[in-house]
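1. Just the structure for this:
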Amino acid sequence: MCEAGAMSTDEDWERRVAAAWAAIDEYDEESFRALIDGLAGELPDGHPVAAFERACAFDSTGRPDLAEPLYREALAGELPGERRRRAVIQLASTVRNLGRPQESIDLLTAEPDRASDHLNDAVSCVLALALTDAGREREAVSVAVGALARHLPRYQRSMAAYARALADPGA
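-> Down below sits the predicted model:
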């Protein structure tokens, strides 16, 4: 449930949503969507978190066409915290899967200017996939190598330089 006038959710609701997602493989697609829809229905009409959770359920059960408008609804609202960034990443993945890689690229290339957190590599992964779908494979490999370089026990500097060189061969 929401706090009075706030666009947040309470801890019990969040626990129940997390438990539902942890058990997704125990449900068929329709049952899982119904479970999430029921939880989302506990929030006030128009709540952006409800739209987001419903979008995720559709997306995770093979219905990106139904997820897309819900992600957009969630983002149009005041989607709080990490969910806003997840909604951007997931919308970008969804539109890519629906055959619109340039829209995915546009969503994701704006994201580093808005936030930086533990989801940076997810942004990079989906961006690399979208770039590949757009026929920009060299740039996609650059993005992927650049993201991976930060996690290597050695060679971070070299791999970051290689990633830059892939993106701009003339530099």
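
2. Run through who's touching the longest helix seen in the chain.
-> When the chain is scanned for its longest helix (criterion: DSSP state H), the result is helix 81-97. Outside of helix 81-97, the residues that reach it under the criterion CB atoms under 8 Å, 6 or more residues apart in numbering are 48-49, 52, 55-56, 59, 64, 67-68, 71-72, 74-75, 79, 101, 103-105, 107-108, 111, 114-115, 117, 119, 122-123, 126-127, 129-130, 133. (Each C-beta comes from the backbone N, C-alpha and C, glycine too.)

3. let's see 6 Å
-> Taking CB atoms under 6 Å, 6 or more residues apart in numbering as the criterion, the residues outside helix 81-97 that touch it are 52, 59, 64, 67-68, 71, 74-75, 79, 103-104, 107-108, 111, 115, 119, 122-123, 126, 130.

4. Buried only: go through those residues for me.
-> By neighbour count, with 16 or more other CB atoms under 10 Å, these hold 52, 59, 64, 67-68, 71, 74-75, 79, 103-104, 107-108, 111, 122-123, 126, 130 as buried.

5. count of residues packed around the closest residue to L131 other than its chain neighbours?
-> Spatial nearest neighbour of L131, excluding adjacent residues (CB to CB, 6 or more residues apart in numbering): A140 at 3.7 Å. By other CB atoms under 10 Å, the residues close to A140 number 21.

6. shouldn't A140 be in contact with A128?
-> Yes: under the criterion of CB atoms under 6 Å, A140 makes contact with A128 at 4.3 Å.

7. pLDDT at Y27, what is it?
-> The score at Y27 is 97. That number is its pLDDT.

8. Repeat that for F58.
-> Note for F58: predicted pLDDT of 98.

9. any idea which element it lies in?
-> helix 48-60 (DSSP states H and E).

10. Give me the residues contacting that helix.
-> When contacts are defined by CB under 6 Å, 6+ apart, helix 48-60 is touched by residues 9, 33, 36, 40, 43, 66-67, 70-71, 73-74, 77, 79, 83, 87, 94.

11. can you check stretch 139-156 too?
-> Residues beyond stretch 139-156 that count as contacts (CB under 6 Å, 6+ apart) turn out to be D121, S124, L127, A128, L131, T132, M159, A160, A163, L166, A167.

12. Please name the spatially closest residue to the last one (chain neighbours excluded).
-> Think A167. In this structure, A167 finds its nearest non-sequential neighbour in S142, 3.9 Å apart by CB to CB, 6+ apart.
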